[in-house]
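[1] Everything below, folded, please.
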Amino acid sequence: MQSLYTYQLSLVSRRLFHTSAPSQFFNYLRDSVQKARQQEVDRKQFELLKIQCRYILQDPPLNPNNYLELLKEARELLKFKGFREKFDVVKQDPFYKEIAQDEKIIGAMNAEERLDLFRVQRLQLRRIAETAKVNDEVVAAFKERLIGLQKLQRRLRRRRMRGLPCPKTPEELFRAVQDGDVELLGERIGERAPPRMYYKEPGAPLPQ
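    You can find the predicted model right below:
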């Protein structure tokens, strides 16, 4: 009698295990986790973009020195400082990897290279890459990105001096660059791809 009862219980448990309700629950849970992660990525991305746009809108010329200050501010914002850096979950964060990589590149530059990145030649880029222990392409991409931001900053400064309309907030600047707004950015910005913003691919929508 006991064995028959045990067998009936096993049939019930199997039937419950193979129903669609558990699978639907786990799919919902997985989707919720993925959505939460994406929302966190979008939040970090947008906050970092606001910091970058704020530095572009300031008067001091953008160079690796104050770009390093930007990275330090980003570290504080994302809590990538101090004891937290020792956790694996922080080390695997793509934003932490990007920030740490840019800091190594700037740290491998000498004083002259930090002040005038435009004059840094191929052999210097190779030395910087070897010192920072990254690929040459990574250093070249960093130089190209920063020079693009410097050009945008100078363009906005000239427009302000002429009394022409300019973005006044980081949000306005980001939207103008993403949309190729000629009225706010000027100087044939619509004829070429807008400069790549930090941690953002061209054409990606602005996080709400």
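[2] Going by C-alpha atoms from here, please, whenever you check contacts or count neighbours.
    Noted.
[3] How about residue 119: what's its closest non-neighbour residue?
    residue 113 (7.6 Å; CA to CA, 6 or more residues apart in numbering).
[4] Give the other helices and strands that whatever helix or strand that neighbour lives in contacts.
    Taking DSSP states H and E as the criterion, residue 113 maps to helix 111-115. Under the contact criterion of 3 or more CA pairs under 8 Å, 6 or more residues apart in numbering; DSSP states H and E, helix 111-115 touches helix 64-78.
[5] Next SSE downstream of the helix it packs on?
    According to DSSP H and E, the helix or strand after helix 64-78 is helix 88-91.
[6] Show the backbone phi and psi for residue 58.
    Main-chain dihedrals, residue 58, degrees, to the nearest 10: phi -80, psi 160.
[7] quick one: the residue nearest to residue 119 and residue 120 touch, right?
    Yes: with contacts counted by CA atoms under 8 Å, residue 113 reaches residue 120, the gap being 6.3 Å.
[8] The two - which one has more neighbours?
    Set side by side, residue 113 and residue 120 show more neighbours around residue 113, with 19 against 15, by other CA atoms under 10 Å.
[9] if I look at that one, how far off is residue 88?
    33 Å (CA to CA, to the nearest Å).
[10] do the same with residue 67
    For residue 67, the distance to residue 88 - CA to CA - is 26 Å.
[11] Okay, helices next: where are they in this protein?
    Counting by DSSP state H, the chain has helices at residues 2-17, 20-57, 64-78, 88-91, 94-107, 111-115, 122-132, 136-161, 170-179, 182-185.
[12] want to throw these into CSV with mean pLDDT?
    Output for these, formatted as CSV (pLDDT from 0 to 100):
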stretch, mean pLDDT
helix 2-17, 49
helix 20-57, 75
helix 64-78, 88
helix 88-91, 74
helix 94-107, 89
helix 111-115, 89
helix 122-132, 92
helix 136-161, 88
helix 170-179, 83
helix 182-185, 81
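[13] count of residues packed around residue 94?
    Neighbour count of residue 94, defined by other CA under 10 Å: 12.
[14] separation between it and residue 41?
    Here the criterion is CA to CA. By it, residue 94 lies 9 Å from residue 41.
[15] just to revisit the earlier point, what's the offset of the helix holding residue 113 from the middle of its chain?
    Mean-position distance between helix 111-115 and its chain equals 24 Å (CA atoms, centre = their mean, to the nearest Å).
[16] can you list contacts of it?
    Helix 111-115 has contacts (CA atoms under 8 Å, 6 or more residues apart in numbering) with 63-65, 106, 119-120.
[17] which among those gets closest to residue 167?
    Among the contacts of helix 111-115, residue 63 lies closest to residue 167 (CA to CA), at 20.7 Å.
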